[in-house]
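Visitor: 3D model of this:
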Amino acid sequence: MAKHIHWIRYAVVLVTAILVLWIVQSREKQFESQEVPVFNFESEAVTSIHMWRGTDSLALAREDTLWVFQEPDTGVVDQQKVHEFLKTISEMSHGSYIASNPEYYSEYHLDEASATHLTLKKGNDIVGEILVGRSDASPVKDNIRYPQDPHVYQVDLKLTRHLRPQAAYWRE
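Guide: A predicted model of the protein is given here:
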């Protein structure tokens, strides 16, 4: 009978430990960063790209199957570069927000003056719009924010390397 009581005590301790472990793990999950896609579209659906920073501006449009310059209207567009860019941004994701106070946008290079603006359209409908700023915290990440959202997010790639509003970068 005494051996039976010892096994019951061990079983109760084991069940209690498993229960405590499960509760701790479920509470920790609420603090984990959830990866969320930045955009929700198919890259083939985009028919125009407009990006600008300061006085530099670039607009590309897809005519049939080829991308052409709308602004400035010079040169031939490197088709592969545009396809890679669209593939990259359609797969891009961000975690939890890192700031939400508009007073600090300049510290994240996301104020109107220093951010690079990106607008993607399907016909006349906007399918994606973000502001991109370089990250001082990481050389391999950038900061983004949506125009209608006060939160600042960090993306897991250096988007500013691909997001250049100068036509020379996009030419063949």
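Visitor: which stretches in this protein count as helices?
Guide: Here the chain has its helices, by DSSP state H, at 2-29, 79-91, 167-170.
Visitor: mind checking which of these is nearest His109?
Guide: Closest approach to His109 among these (CB to CB): helix 79-91, 18.1 Å. All C-beta spots, glycine's among them, are computed from the backbone N, C-alpha and C.
Visitor: which strands and helices sit next to the one helix or strand in the chain whose mean pLDDT sits lowest?
Guide: Lowest on mean pLDDT, DSSP states H and E among the helices and strands of the chain sits helix 2-29, with a mean of 82. Applying 3 or more CB pairs under 8 Å, 6 or more residues apart in numbering; DSSP states H and E, we find helix 2-29 packed against no helix or strand.
Visitor: before we move on, the earlier item: so which of the helices of the chain comes closest to Asn143?
Guide: Nearest to Asn143 among those is helix 79-91; the distance by CB to CB comes to 14.8 Å.
Visitor: point out where the chain drops to low pLDDT.
Guide: For the chain, residues meeting the criterion pLDDT under 70 lie at 1-5, 29-33.
Visitor: domains for it, by residue range?
Guide: 1-32, 36-170 (automatic domain parsing).
Visitor: figure out how far the least confident helix or strand of the chain is from the centre of its chain.
Guide: Mean-position distance between helix 2-29 and its chain equals 42 Å (CA atoms, centre = their mean, to the nearest Å).
Visitor: and what of stretch 71-89?
Guide: The chain centroid and the centroid of stretch 71-89 are separated by 19 Å under CA atoms, centre = their mean.
Visitor: so for that stretch, what gets flagged as buried?
Guide: Buried residues in stretch 71-89, counted by 16 or more other CB atoms under 10 Å: Val77, Val82, Phe85, Leu86, Ile89.
Visitor: quick one: the biggest strand by length in the chain to helix 79-91, angle?
Guide: Counting by DSSP state E, the longest strand found in the chain is strand 125-134. Per axes from the mean of the first three to the mean of the last three CA atoms, to 10 degrees, the angle that strand 125-134 makes with helix 79-91 is 90 degrees.
Visitor: nearest residue to Tyr97 other than its sequence neighbours?
Guide: Closest residue to Tyr97 apart from its sequence neighbours, by CB to CB, 6 or more residues apart in numbering: His151 at 3.6 Å.
Visitor: how near is Glu28 to Val13?
Guide: Distance, Glu28 to Val13, by CB to CB, to the nearest Å: 23 Å.
Visitor: ignore the last one, Ser90
Guide: For Ser90 relative to Val13 (CB to CB), the value is 51 Å.
Visitor: neighbour count winner among the two?
Guide: Using other CB atoms under 10 Å as the criterion, Ser90 and Val13 rank with Ser90 on top: 19 against 10.
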